[in-house]
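Participant: fold the following for me, if possible:
(2 chains)
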Amino acid sequence: MSSEKIDVRYVAELARIALTDEEVDRFGEQLGDLLAHVNALAELDTNAVPATAQVIESRNVTREDSVRPGLEREVVLAQAPSRQGAFFRVPRIIAE
Amino acid sequence: MVELLGAQIARGVNAREVSAREVAEAFLARAVAVDGRVGAYLTLLAERARAAAARVAARVAAGEQLPLAGVPVAVKDNMCLEGTRTTCGSRILEGWIAPYTATAVARLIEAGAVPIGKTNLDEFAMGSSCENSALGVTRNPYDLERVPGGSSGGSAAAVAAREAAIGLGSDTGGSIREPGAFCNLVGFKPTYGRVSRYGLIAFASSLDQIGPLTRSVEDAALAYDVMSGFDPMDATSIDRPVEPAATGLRTDIGGLRIGLVRQFDTQGLGEEIDEAYDRAYHDLQALGAELVDVTLPTADYGLATYYLIAPAECSSNLARFDGVRYGLRVDGADVREMYDRTRAAGFGPEVKRRILIGTYALSSGYYDAYYVRAQKARTLIARDFDAAFAQCDLIACPAASSPAFRFNAKSDPYSMYLMDYYTIPMSLAGLPALSVPCGWVTPDGGSAPMPLGLQLCAPLFGERLLLGAAHAYERLTRHADAHKPALGEVAPT
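Facilitator: Here you go, the predicted structure:
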């Protein structure tokens, strides 16, 4: 496991969160502390151990591909921050 | 009226000795009288409660017997109730109205429960004190200068302050059990997958589980019986019959082998608290249980494992809050800037920290070193429990690393994470576990006695044994009855 400093600005870009300079410093320090703690996992010999994603044995769940009622379109659109007719309206996605 | 337990209210309403309407009015009046000081509720549902009580009254008048007839419930505000504000304690969902109802909540209402209000929580259920809520402060009814625990602190405070008979919480790493311990309640997390998560706004999907906070084990069992069972709307809900727990709860623990986890003794909780837990273990023995030493060698790595897995899942789950379809939007020149600004303004510091650590743990180059390694450690922790349960029927240990602490006492994030040292291993293994009141201490110069919680844990699907043993312990010790909440004036700060 690495102990290098987290590039908080880069991770925040991946996470789509704008951070202030003050937050970059503070979170950088706090996340560094946390990583120092979680690095203790390197002490465990996990080479021959399978990963557990979820503890309860479960199988893939499928159902008939049949039409069933969902939420009404107006109900879904009613809480859109911005809409245009039957669409969610968002700022420009593709540059001119 | 507000001193009645859920089971007593249901019996009274079913027998028509008291009407659901009278019960609802009594609890609404109590909430109006004390919640200014407690701060349990983010939204009080007075009209909705009256309408629900009227429906219960009509059903009872028509001859129906309902397991939770007229029982007032407080619902954590990360669970959807159609037509009500559901905020997760976050600015990003501050004005959001749920368009549907969570399965667990719908089942409670169908069984006669009356929703009194939506309760405060640490933002998106991330925290152990309720201090991470962006929308309000919740105080511990046993000492208003202390936190109620978290993240289900609002539901715990509501039940402790007699503003509801049953509280609904969600537990990812201890978020029902720890506030239960802090507020002198039974806090019960069922086996992962036993209660549908449909309509519970996701934090860490492989860990999240809904459960009750109550003033008796019987009430916890009643709520569990109603809420549990397969739900086709949750692909992780378990399709396997549920053994009802509330009827025929055992009244003795004679002959049960209860495992004490030896390495947990080294945590240094302080002499007074260590003694209180020693007394609790001694009581278990005096009541006929056989105490056996067990080891969970990997449990010490629980926190490290949890603080990779839970943030990784949260970073993925919370990606949906992007300002497009619902919730807060802060405009930007393009969609990317809109995302960045919306999430910067909408999430509080703890949520940002967890999203960042999760994003990092899942990012290219670190995925195997952090996330996969944590998932392997999770396997080892689950195996430890398997081995321990070969030697014992139940495991007993503290439910939290301290009694309720004062506001702002845990300013360093990691010191807050340590509160869940004892509850996280069970969560990682998916096991059913609960906290039951086991004694009182007067911590760090305080004047009010504060409750302690004993955590009991059973093998997967061992809810009936777990609740039965807790019921017997509760009946024979009655620690919860020793003190009542002190809802005096808030001291000036």
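
Participant: CA atoms for contacts and neighbours, from now on please.
Facilitator: Will do.

Participant: residue 93: how many residues sit nearby?
Facilitator: Since no chain was named, I'll use chain A. 10 (other CA atoms under 10 Å in any protein chain shown).

Participant: chain B, not that one
Facilitator: Using other CA under 10 Å, B:Leu93 has 19 other residues around it.

Participant: please look at it and B:Leu328 and confirm they touch.
Facilitator: Yes - if you go by CA atoms under 8 Å, B:Leu93 and B:Leu328 touch, sitting 6.4 Å apart.

Participant: need the residues touching each of those two.
Facilitator: By CA atoms under 8 Å, 6 or more residues apart in numbering or on different chains, B:Leu93 and B:Leu328 have these common neighbours: B:Gly346.

Participant: quick one, strands of chain B?
Facilitator: With DSSP state E as the criterion, chain B has strands at B:41-44, B:72-76, B:114-119, B:166-171, B:186-189, B:209-214, B:257-261, B:290-294, B:394-398, B:433-441, B:450-457.

Participant: of these, which approaches chain A most closely?
Facilitator: Among these, the nearest to chain A by CA to the nearest CA is strand B:209-214 (12.7 Å).

Participant: that closest one near chain A at all?
Facilitator: No - using CA under 8 Å from any CA of the partner chain, strand B:209-214 never reaches chain A; the gap is at least 12.7 Å.

Participant: quick one: list the elements packing against that strand.
Facilitator: helix B:153-160, strand B:166-171, strand B:186-189, helix B:217-227 (3 or more CA pairs under 8 Å, 6 or more residues apart in numbering or on different chains; DSSP states H and E).

Participant: could these go into a markdown table alongside mean pLDDT, mean neighbour count and distance to chain A?
Facilitator: A markdown table is the format used below for those (pLDDT from 0 to 100; neighbours: other CA atoms under 10 Å in any protein chain shown; distance: least, CA to the nearest CA, whole Å):
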| stretch | mean pLDDT | mean neighbour count | distance to chain A |
| --- | --- | --- | --- |
| helix B:153-160 | 98 | 36 | 24 |
| strand B:166-171 | 98 | 32 | 15 |
| strand B:186-189 | 98 | 35 | 15 |
| helix B:217-227 | 98 | 24 | 19 |
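
Participant: buried residues in the lengthiest helix in chain A?
Facilitator: Assignment by DSSP state H gives helix A:21-38 as the longest helix of chain A. Buried residues in helix A:21-38, counted by 16 or more other CA atoms under 10 Å in any protein chain shown: A:23-24, A:27-28, A:30-32, A:34-35, A:37-38.

Participant: that one near chain B at all?
Facilitator: Yes - Helix A:21-38 is in contact with chain B by CA under 8 Å from any CA, via A:27, A:30-31, A:34, A:37-38.

Participant: using CSV, write out every CA atom in the following helix or strand past that helix.
Facilitator: Note on helix A:21-38: by DSSP states H and E, the next helix or strand toward the C-terminus is helix A:73-77. C-alpha atoms of helix A:73-77 as CSV (Å, rounded to 0.1, in the frame of the first residue of the first chain):
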residue,chain,number,x,y,z
ARG,A,73,-43.8,11.4,-16.0
GLU,A,74,-45.2,14.5,-14.4
VAL,A,75,-44.4,13.3,-10.9
VAL,A,76,-40.8,12.6,-11.9
LEU,A,77,-40.4,15.9,-13.7
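
Participant: spatially central residue in the chain, please.
Facilitator: You didn't say which chain, so I picked chain A. A:Ala15 (6.9 Å; CA atoms, centre = their mean).

Participant: actually it's chain B I care about, not the one you picked
Facilitator: Nearest residue to the geometric centre of chain B (CA atoms, centre = their mean): B:Ile176, 1.8 Å.

Participant: nothing else from me, thank you.
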